[in-house]
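Participant: the following block contains a protein sequence and its predicted model.
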Amino acid sequence: MTSPTRAALRPADGLTAVLVPGGQYGPAAPLLMYAGDAAGQRGAAVRRVWWDEPDRPLSLTAAERGPWVIPQVTKVLDEVAGDVLLIGKSLGSYASALAAERGLPAVWLTPVLTNDWVVDALRRSTEPFLLVGGTADDLWDPGLARELTPYVLEVPEADHGMYVPGRLAASAAVLGQVATAVEDFLDEVVLPGPAAGG
């Protein structure tokens, strides 16, 4: 199966993809970069959230993470006009509360499925979301992921950084799998239309 060409895709005019980083994984790092590129190639604008205090996530308790993330993401969302797609990595999945409150579709890369804040927000979400994780990630819960959404990419043996054992080429291939899953989610769920289907 080949990917649709850019000309065949329904353009995401008026859509902004907001990239929310992890605790030690910035919005320009590969997983987020490729996910943002997938939206950008479909005509979406891309905005990146940069933490006000980049070293602070290392000292946050579980109870402090959501209240620390929400105002920083809210600030960016309030500057965006039109439709929004949230794309977050790990700590960024605490912004799932905003996706639930504002009715936003989302992509959550290695979400913190062991935290009630994140899980409760995902349960409240009314728009579709994609969950991406690996079986070697202690913060991933395969059964819960599939209970929360039909849109799941689970990579065997991938850790929290989506690295798998062996040579780096294998982990680079995982990056490709994630990019394809995001593209498919955009084409089939977020931006469905006659043009995307052929």
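Facilitator: That came in fine, so what should we check first? Model, not experiment: these values are computed from the prediction.

Participant: only C-alpha atoms from now on, for both contacts and neighbour counts.
Facilitator: Noted.

Participant: what's the lengthiest helix in the chain in contact with?
Facilitator: Secondary structure of the chain per DSSP state H: the longest helix is helix 168-185. Contact with helix 168-185 is made by 30-31, 34-35, 38-39, 107, 130, 132, 151, 153, 155, 162-165, as judged by CA atoms under 8 Å, 6 or more residues apart in numbering.

Participant: now with 6 Å, please.
Facilitator: Here helix 168-185 makes contact (CA atoms under 6 Å, 6 or more residues apart in numbering) with Tyr34, Ala35, Ala38, Tyr163, Val164.

Participant: report the secondary structure state of the first one.
Facilitator: Assigned with DSSP: H, G, I helix; E, B strand; the rest coil, Tyr34 falls in the helix class.

Participant: what's the burial count for the closest residue to it other than its chain neighbours?
Facilitator: Nearest residue to Tyr34 in three dimensions, chain neighbours excluded: Ala179, at 5.9 Å (CA to CA, 6 or more residues apart in numbering). Residues lying near Ala179 (other CA atoms under 10 Å) number 21.

Participant: do Thr180 as well
Facilitator: Residues lying near Thr180 (other CA under 10 Å) number 16.

Participant: one more: Gly134?
Facilitator: A count of neighbours around Gly134, defined by other CA under 10 Å, yields 25.

Participant: confirm Ala100 sits in a helix?
Facilitator: Yes - counting by three-state DSSP, Ala100 is located in a helix.

Participant: number of nearby residues for it?
Facilitator: For Ala100, the neighbour count with other CA under 10 Å is 19.

Participant: contact partners for it?
Facilitator: Ala121, Arg124, Ser125 are the contacts of Ala100 under CA under 6 Å, 6+ apart.

Participant: name the nearest residue to it, ignoring sequence neighbours.
Facilitator: Ser125 (4.1 Å).

Participant: got it, and Pro165?
Facilitator: Glu157 (7.1 Å).
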